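*Asks:* Kindly generate the corresponding structure for this input.
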Amino acid sequence: MTDARPTPAPAPAPALPASRSMCCRARAPSRAAACLRRLALTLAAVVLGTSVTAPAQAADPLPIADAHIHYSHDAWDVVPTAEVIGLMRKAGLRLALVSSSDDEGTQRLYQAAPALIVPSLRPYRSRGEISTWARDETVVRHLEERLARYRYAAIGEFHLYGADADLPVPRRLVQLARQHNLILHAHSDADAVERLFAQWPQARILWAHAGFERPEAVRAMLRRHPRLWADLAFRSEHGSGGKVDASWREAFVEFPDRFMVGTDTFTPERLYYIPEHAAWARAWLTDLPIDLAERIAWRNAQALVMPVWQANRAQAQETQPPAGSADAKAGATVASGATVSAGAASARASAIGCADPGAGGQRLTSARAELVFRTTPARIAVGQRFSVLGTVCPRQAGAVLEDLHIDATMPEHQHGMNYAPRIVRQGSGDFRADGLLMHMPGRWQLRFEPRIDGRPEPLLHELVLR
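*Replies:* Okay, the predicted model is just below:
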C-alpha cells in the first residue's frame, strides 16, 4: 500500500503571497471580507495573466455550471452564506456542485438556494482530514449518518491516490455511492481512478482537475472509460490568454460531452473569485464552436449531475409523510428537497429532548434551550487544550437554531481565555468546539450562547481548576 501522494499544483496558478493571506485571516470578519475581495481580484490577474473581463457579451451571457465549489468551515464567518449565493448569481451560474469540510457548509448553501445548489458529500469533517480519511474508520459512520439525513448527487470531492483506493474505508465509500446512486468526484491519479472502476465498473466518476494530467493522458483515460468525466478546476493552461491550447482543443473535440468547468474554492478568498472565473471561462470558450462551448460551459455538467440529483430528490419526496400525519408533525422524516430544514430539526429535538450525554457529560437547561455536552479529555487541566462536543436542543417546536458562540471567563478576574475556539456545526444541533484552553487555576464559567430565532440564549457551566 502506498501513502497518499500530494498533487502538484499547476504552474499557471501560483499561490497568494503568504503575508497578505495571513493578514486577511487575522482581521475581523467584516474587514477580512473586504481584504479577501481585493486578494481575489489580484489572484485573478496573476492566475490568468490577462484581464478577467470577458469580451462583450450578448444580453444573455453564456450560462455556467460550476462543478467544483467548496464552502468549508473556515469560510462561514468570513463570507456569509447570502454573499456566496450573491457571488454565484453575479457569475451567472446555472448550477453549482458543492461539497464542503464539513457538510454543514453545503447544507447552508442548499437551504439558501435550492434551485441553484446541488449537494455533494465530502468524507471530511475538517480540512485536516484530506490526508488521513482513507485510514480513518470513523469516516464511514459520518458518511452513513449524512446519507441517512440528506440527499446528494455525488460523494466527493475526495483525495485518493494509487493503492490507497483499495483500503477498507474507500471501498466502503464506493459501496455507499453505489447504494445511493451517487457520482464519485475523485481528486486522484490515474491509478486510483482505475482501481475505483475495478470496484464498480458502472460508476460515474468526475475526475477533479482532470487529474492534473497532460491532455494526451486525459484523452487516453477517457477512451478507456466511457463513464469518466473531467472538470477543469484550478487549471488555466487550456485557455490562457483567451485562446484554447491546441492539445486541449483536440481533447475537447474528441470528447465534447466529457469536460466541464469549475472554480475550486478551496480557501475562503477564492469564493470571491467565482464571478471572475466565470468571466474568464466565457472568454476562452468563445474560441470554440458555440455548440462545443455550451457543452463545456454547462450542458455536460447538467447532463451528468441533474438526472442523479432529481432522482434522489424524488426518492426523498416519496418517503415524506402526508401533511398532518403524526410523523409530519414530529418532523420525523426528511423534508422535500432532501434537506432537513432547521425548523424541522429543531421540532424533532424538542419532541424527544437532548439525548443522555452519558458518563461524564453535562446537561444545561434554560427557558428556551437545552444543551448537553462532554469534554475531551474528560478532565480539564490548567494550560491544556480541550474540546467540547455537544448538542443544542431548542425547547419550542419549530424554533430555529441559527448560530452558537462558546467562550469561558473568570468572573473574579474579569477576563476570559487567551484563545478563541473553533466551532464546527456537525448537524442541525450537534457541534464540536476545538482549541479551548484555561490558562489559570480558579473558578471558570464555560458560557454557551446559542442564537435561537434571532435571540441569544446563554447557558453557563461553572468549574474550578486547581
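*Asks:* what sits against residue 356?
*Replies:* residue 372 (C-beta atoms under 8 Å, 6 or more residues apart in numbering). Glycine gets a C-beta too; all of them are placed from N, C-alpha and C.
*Asks:* swap the cut-off to 10 Å and go again
*Replies:* By C-beta atoms under 10 Å, 6 or more residues apart in numbering, the contact list for residue 356 reads 363, 372.
*Asks:* pLDDT wise, what is it at?
*Replies:* Looking at residue 356, its pLDDT is 70.
*Asks:* That one belongs to a strand?
*Replies:* No: going by DSSP: H, G, I helix; E, B strand; the rest coil, the assignment for residue 356 is coil, not a strand.
*Asks:* Look at the residue lying farthest from the centre of the chain and report its pLDDT.
*Replies:* Most distant residue from the mean C-alpha position of the chain: residue 412, 41.5 Å away (C-alpha atoms, centre = their mean). You'll see residue 412 listed with a pLDDT of 78.
*Asks:* Next: residue 349.
*Replies:* With respect to pLDDT, residue 349 has a value of 36.
*Asks:* Quick check: the residue farthest from the centre of the chain is in a helix.
*Replies:* No: counting by three-state DSSP, residue 412 is not part of a helix but coil.
*Asks:* ok, which stretches of the chain are helices?
*Replies:* Secondary structure of the chain by DSSP state H: the helices cover 18-26, 29-48, 81-91, 104-112, 138-149, 168-179, 190-199, 215-224, 246-254, 274-285, 290-294, 300-318, 326-330, 342-352.
*Asks:* The residue farthest from the centre of the chain contacts residue 464, correct?
*Replies:* No: under the criterion of C-beta atoms under 10 Å, residue 412 makes no contact with residue 464, lying 11.2 Å away.
*Asks:* quick one: the nearest residue to residue 219 once chain neighbours are set aside and residue 68, what's the gap?
*Replies:* Of all residues not flanking residue 219 in the chain, residue 251 sits nearest, at 5.0 Å (C-beta to C-beta, 6 or more residues apart in numbering). To residue 68, residue 251 is 18 Å away according to C-beta to C-beta, to the nearest Å.
*Asks:* Give me the more crowded residue out of the two.
*Replies:* residue 68 (29 against 23; other C-beta atoms under 10 Å).
*Asks:* show me what contacts that one?
*Replies:* By C-beta under 10 Å, 6+ apart, the contact set of residue 68 is 96-99, 120, 156-157, 185, 187, 206, 208-209, 231-234, 260-266, 277, 301.
*Asks:* tell me the contacts of residue 310?
*Replies:* Residue 310 neighbours (C-beta under 10 Å, 6+ apart): 118, 153.
*Asks:* Quick check: it vs residue 94, distance?
*Replies:* Distance from residue 310 to residue 94, by C-beta to C-beta: 15 Å.
*Asks:* Touching, residue 168 and residue 140? I think so.
*Replies:* Yes: Residue 168 is within contact range of residue 140, at 8.4 Å (criterion: C-beta under 10 Å).
*Asks:* In terms of neighbours, single out the busier of these two.
*Replies:* Higher neighbour count among residue 168 and residue 140: residue 140, with 17 against 11, using other C-beta under 10 Å.
*Asks:* count of residues packed around residue 126?
*Replies:* 15.
*Asks:* tell me the contacts of the nearest residue in space to it that is not next to it in sequence?
*Replies:* Once flanking residues are discounted, residue 126 sits nearest to residue 101: 5.7 Å by C-beta to C-beta, 6+ apart. By C-beta under 10 Å, 6+ apart, the contact set of residue 101 is 70-75, 122-130, 133, 157, 266, 424.
*Asks:* Phi and psi next, for residue 101.
*Replies:* phi -120, psi 100 (degrees, to the nearest 10).
*Asks:* mind checking pLDDT for it?
*Replies:* 94.
*Asks:* And for residue 109?
*Replies:* So, for residue 109, pLDDT stands at 96.
*Asks:* Also residue 360?
*Replies:* Per-residue pLDDT puts residue 360 at 74.
*Asks:* neighbours of it, just the number please.
*Replies:* 11.
*Asks:* contacting residues for it?
*Replies:* Residue 360 neighbours (C-beta under 10 Å, 6+ apart): 374, 375, 376, 377, 378, 379.
*Asks:* Most neighbours out of those, which is it?
*Replies:* Ranked by neighbours (other C-beta under 10 Å), these are led by residue 375, which has 20 neighbours.
*Asks:* Spit out the contact partners of it.
*Replies:* 360-362, 386-390, 433, 436, 446, 461, 463.
*Asks:* which of those residues are buried?
*Replies:* Buried subset of the contacts of residue 375 (neighbour count, 16 or more other C-beta atoms under 10 Å): 361, 386, 388, 389, 390, 433, 436, 446, 461.
*Asks:* just the contacts of residue 375 now: which is nearest residue 417?
*Replies:* Nearest to residue 417 among the contacts of residue 375: residue 436, at 6.6 Å, using C-beta to C-beta.
*Asks:* How about that closest one: what's its closest non-neighbour residue?
*Replies:* Among residues not flanking residue 436 along the chain, residue 421 sits closest, at 4.8 Å (C-beta to C-beta, 6+ apart).
*Asks:* Give me the domain ranges for this structure.
*Replies:* If you go by automatic domain parsing, the domain ranges for the chain are 18-317, 352-465.
*Asks:* For the ones you listed, state which one has the densest average packing.
*Replies:* Counting by mean count of other C-beta atoms under 10 Å, domain 18-317 has the highest mean neighbour count of these, with a mean of 19.
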